[in-house]
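1. give me a model of this one.
(chains A, B, C and D)
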2 protein chains.
Amino acid sequence: MLLNDRKLKILQAIITDYIETAEPIGSRTIAKKYGLGISSATIRNEMSDLEDLGLISQLHTSSGRVPSGKGYRFYVDSMMQRRSLTADEALFLQRMIIDNINQTEFMMQETAKALARLTNYPTIVSEPNTKKITIKHVQLIPLDEKSILLVLVTDNKTVKNQVVNLNDAPGYEMLTHLTGLLNNHLAGLSIREINRELIDKMLAEFGAQAHVLMPLLGIIADMIQAEDDVRVFTSGVKNILAFPEFADIRKAEIIFQAFEDRESLFAILGAPTTAIHSKAVDFGGIQIVIGEENNLDLLKNCSLIKANYTIDNQSTGCIALIGPMRMDYAQAVSVLSGILQNLQHVITALDLSQ
Amino acid sequence: MLLNDRKLKILQAIITDYIETAEPIGSRTIAKKYGLGISSATIRNEMSDLEDLGLISQLHTSSGRVPSGKGYRFYVDSMMQRRSLTADEALFLQRMIIDNINQTEFMMQETAKALARLTNYPTIVSEPNTKKITIKHVQLIPLDEKSILLVLVTDNKTVKNQVVNLNDAPGYEMLTHLTGLLNNHLAGLSIREINRELIDKMLAEFGAQAHVLMPLLGIIADMIQAEDDVRVFTSGVKNILAFPEFADIRKAEIIFQAFEDRESLFAILGAPTTAIHSKAVDFGGIQIVIGEENNLDLLKNCSLIKANYTIDNQSTGCIALIGPMRMDYAQAVSVLSGILQNLQHVITALDLSQ
DNA sequence: TGTTAGCACTCACAACCATAGAGTGCTAAC
DNA sequence: GTTAGCACTCTATGGTTGTGAGTGCTAACA
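-> Residues are numbered from 1 along each chain as shown, chains lettered A, B, ... in the order given. Next up, the predicted model:
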């Protein structure tokens, strides 16, 4: 689609004004507020053309014009200026130094919070999905006569632990011995590689302590399984209450409902789109989905800005923010981009696997 | 305050009706809906008396009556029937079996969710505050050449871990040795008991590895410190959107704001009230704070139902739910009571310290 | 031919009014 | 002590009207 310069300026005025005020805008207002040097009548003619093109629409005759989904799409694709971070935003991100993190959970939650804070839109962040977790180290620790603690370190930088209740827990010396045996056999293996043959061999070596092996292996399997369940974090849902689009509480409730339910959140994030892979850590491009373009009814009146990111070319997470269709795309994209860089920096610093 | 039987019945009718409908109720409606065998005129006279007593009030002449804060207080103190759990509620709680939990976090979050689910009110649950944590076990685990994992088990059933980066990490054998030394000296101690004298003794024993001791002790102190920070969990904030009291989004926003801020949540839970202590685990009585009785402006139009619970006579947590003043006190109290029993059951089962 | 002024028209919104309905207090009768 | 009846009050609802912002169309102008 090709528009002449004047039409572009008028469309720009309509979109920026509507993003700011949420009020339909008329020809006279444009003529007065944005000094384009043409009369309102001329603007009316141009607006009529823009409406024929489907870029703007009016709720009824004699109301001002409002950008349509197609209009926002055109704006985002062809007109939007990539703005850089403001001084305040940059400062905020600089201060958000997350160091010494050994659990992704905290980092994800902080990322969601920061993004919501800076954009004033609700955010969703899903954890990287690591499907091929391998065991790095297992450690048994005595607690008391009837229980021991199992600590599992996996290759994706997370540590999990679980109390194991046994009728007759081995003593400290024996636990140290068993820890050695477990590590000899299990270190470096994924859950699928623990087969019958290996288990038989381990049972033989465990001797009198063989009865504790199966419970331990079962728990290890469960722990890895749980780790494979991708977690998802949200922040700032309440921000939608500030938008007139959600003045009707029923509409707000739908969003709140979705944000309380894990399944809905994954539905919003959508099927994992192909991300661009690079050396170790890479962030795919930022995608914008506007209004009706969304497959979910829930989001037909909203826009979604999201980006995938990958770690080690295998595990990919998603970071997204939701707003009304008239969201401030330029600001949201620049902040999201800044956050992604931040995340990349932290993940790279954390990367112990190299 | 003493009321005759007929006044009690009328007050009861007003309160139950208003809790259900949120609409002011008039004499004629009471006469028709609740067959008390007296005419609306008589009810009017009685209502006039109830208003003089401050138990009900009207928004303007010729509107129906609404219970006042004092009215709810009287109802809660003197009239409310302690109802037992419904079959559905009891079933739900039975199914909420939380077993094998070694972290309080999951349990607290689940408790908040269950309570919100059953009552449809927003809930807040704060973790037990354990001020005198002692070290139960310390374990050092090798990760790679430059980092080891420190696992700390404390006597309040929680396990924490932290990656420690060192320029030159000791090998597995050495770590096992150091783990033994650390446990010999630190097991059973609280953070205050780790003094200069003890550290000097440990430094001597660590020999060539003395340089790793101070970083480790520093991290242990930080971990205990973090554990001393009471966490707080919430659930179901969005439920307030269903109440006409919060039809004005500004009012809802105030509550949402408070629920996003840790400090506000603690302010809502209030200064810890004295809980009744018993043998090992005890739950103090359930307290109800109605409207103006709240110290926080934020809650002047709300009611708060809360209970403290204690573990081992020393650490006390709080569990609370918030609703409009016309909340269903009887239901909320019975469900809260059921949940508390559930929590007690789980905590007792978890108790490894005996 | 593109631009603009002018005009008639449309629609949302606020203000205004009348009416119906639900409630009250008061009084008098039972 | 209870109740029926009455006058009164206040809210909510619906219809009417005026205003303002917007439009499309037409004719005049550069």
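
2. which residues touch the closest residue to DNA strand C within the stretch 101-250 of chain A?
-> Closest residue of the stretch 101-250 of chain A to DNA strand C, Cβ to the nearest atom of the strand: A:Pro244 (11.0 Å). Any C-beta I mention is one placed from the backbone N, CA and C, and that applies to glycine too. A:Pro244 makes contact with A:Ala22, according to Cβ atoms under 8 Å, 6 or more residues apart in numbering or on different chains.

3. need the helix or strand of chain A with the lowest average pLDDT.
-> Ranked by mean pLDDT, DSSP states H and E, the weakest helix or strand in chain A is strand A:281-290, scoring a mean of 70.

4. hmm, back to that, give me the distance between the residue of the stretch 101-250 of chain A closest to DNA strand C and A:Glu23.
-> 9 Å (Cβ to Cβ, to the nearest Å).

5. what do you get for A:Gln344?
-> Plainly put, A:Gln344 is 39 Å away from A:Glu23 if you go by Cβ to Cβ.

6. next one: A:Leu269
-> Distance, A:Leu269 to A:Glu23, by Cβ to Cβ: 32 Å.

7. more neighbours, these two?
-> More neighbours surround A:Leu269 than the other of A:Leu269 and A:Glu23, with 21 against 13 (other Cβ atoms under 10 Å in any protein chain shown).

8. how about the nearest residue to the more buried one, chain neighbours excluded?
-> The shortest distance from A:Leu269 to any non-neighbouring residue, by Cβ to Cβ, 6 or more residues apart in numbering or on different chains, is to A:Cys318 (4.7 Å).

9. just confirm that neighbour is within a helix.
-> No: read with DSSP: H, G, I helix; E, B strand; the rest coil, A:Cys318 is strand and lies in no helix.

10. element containing the closest residue to A:Ser68 other than its chain neighbours?
-> For A:Ser68, ignoring the flanking residues on the chain, the nearest one in space by Cβ to Cβ, 6+ apart is A:Ser57 at 4.7 Å. Using DSSP states H and E, A:Ser57 sits within strand A:56-58.

11. now check the next helix or strand after that strand, is it near DNA strand D?
-> Where DSSP H and E defines the elements, the next helix or strand beyond strand A:56-58 is strand A:65-67. Yes: using Cβ under 7 Å from any atom of the strand, strand A:65-67 reaches DNA strand D at A:Arg65.

12. now strand A:65-67: how far from the chain's centre is it?
-> Taking Cα atoms, centre = their mean, to the nearest Å, the mean C-alpha location of strand A:65-67 is offset from the chain mean by 30 Å.

13. residue ranges of each domain in chain A, please.
-> Using automatic domain parsing, the domain parsing of chain A gives A:5-79, A:87-122+A:236-350, A:135-228.

14. which ones are touching the residue nearest to A:Arg44 when sequence neighbours are not counted?
-> Nearest residue to A:Arg44 in three dimensions, chain neighbours excluded: A:Ser27, at 4.4 Å (Cβ to Cβ, 6+ apart). Going by Cβ under 8 Å, 6+ apart, A:Ser27 touches A:Ser40, A:Ala41, A:Ile43, A:Arg44, A:Met47.

15. quick one: contacts for the residue in the stretch 251-354 of chain A that DNA strand D sits nearest to?
-> Nearest to DNA strand D in the stretch 251-354 of chain A, going by Cβ to the nearest atom of the strand, is A:Arg326, at a distance of 16.3 Å. Neighbouring residues of A:Arg326 by Cβ under 8 Å, 6+ apart: A:Tyr18, A:Ile19, A:Ala22, A:Pro67, A:Tyr72, A:Glu245.

16. you'd agree it is in a helix?
-> No: A:Arg326 is assigned coil when assessed by three-state DSSP, not a helix.

17. now it: phi and psi?
-> Per-residue torsions, A:Arg326: phi -90, psi 30 (degrees, to the nearest 10).

18. farthest residue from the center of chain A?
-> Ranking residues of chain A by C-alpha distance from their mean position (Cα atoms, centre = their mean) puts A:Ala208 at the top, at 48.7 Å.

19. so how far is A:Glu197 from that one?
-> A:Ala208 is 22 Å from A:Glu197, where distance means Cβ to Cβ.

20. before we move on, what about A:Asn295?
-> For A:Asn295 relative to A:Glu197 (Cβ to Cβ), the value is 46 Å.

21. please identify which of those two sits among more neighbours.
-> With neighbours defined as other Cβ under 10 Å, A:Asn295 and A:Glu197 compare such that A:Asn295 has more, 12 against 8.

22. for the more buried one, which non-adjacent residue is spatially closest?
-> Nearest to A:Asn295 is A:Gly270, by Cβ to Cβ, 6+ apart, at 7.5 Å.

23. burial check on that neighbour, number of neighbours?
-> Neighbour count of A:Gly270, defined by other Cβ under 10 Å: 17.

24. do the same with A:Asn294
-> Using other Cβ under 10 Å, A:Asn294 has 19 neighbouring residues.

25. contacts only, for it.
-> A:Asn294 is in contact with A:Lys300, A:Cys302, A:Leu304, counting by Cβ under 8 Å, 6+ apart.

26. now those residues as a markdown table including distance to B:Ser190, pLDDT and secondary structure?
-> Formatted as a markdown table, the contacts of A:Asn294 follow (distance: Cβ to Cβ, whole Å; pLDDT from 0 to 100; DSSP: H, G, I helix; E, B strand; the rest coil):
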| residue | distance to B:Ser190 | pLDDT | secondary structure |
| --- | --- | --- | --- |
| A:Lys300 | 57 | 90 | coil |
| A:Cys302 | 52 | 95 | strand |
| A:Leu304 | 50 | 94 | strand |
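
27. which residues are in contact with the helix or strand encompassing A:Leu91?
-> Assessed by DSSP H and E, A:Leu91 sits inside helix A:87-95. Residues outside helix A:87-95 that contact it (Cβ under 8 Å, 6+ apart): A:Leu85, A:Ala114, A:Arg117, A:Leu118, A:Ser334, A:Val335, A:Gly338, A:Ile339, A:Asn342.

28. what about the helices in chain A?
-> For chain A, the helices defined by DSSP state H cover A:5-21, A:27-33, A:40-52, A:69-74, A:87-95, A:104-119, A:172-186, A:196-206, A:210-228, A:249-260, A:262-269, A:329-350.

29. I figured A:Leu213 hits A:Asp200, correct?
-> No: A:Leu213 sits out of contact with A:Asp200 when judged by Cβ atoms under 8 Å, with a separation of 10.5 Å.

30. quick one: buried residues of the helix holding A:Leu91?
-> Buried residues in helix A:87-95, counted by 16 or more other Cβ atoms under 10 Å in any protein chain shown: A:Glu89, A:Phe92, A:Leu93.
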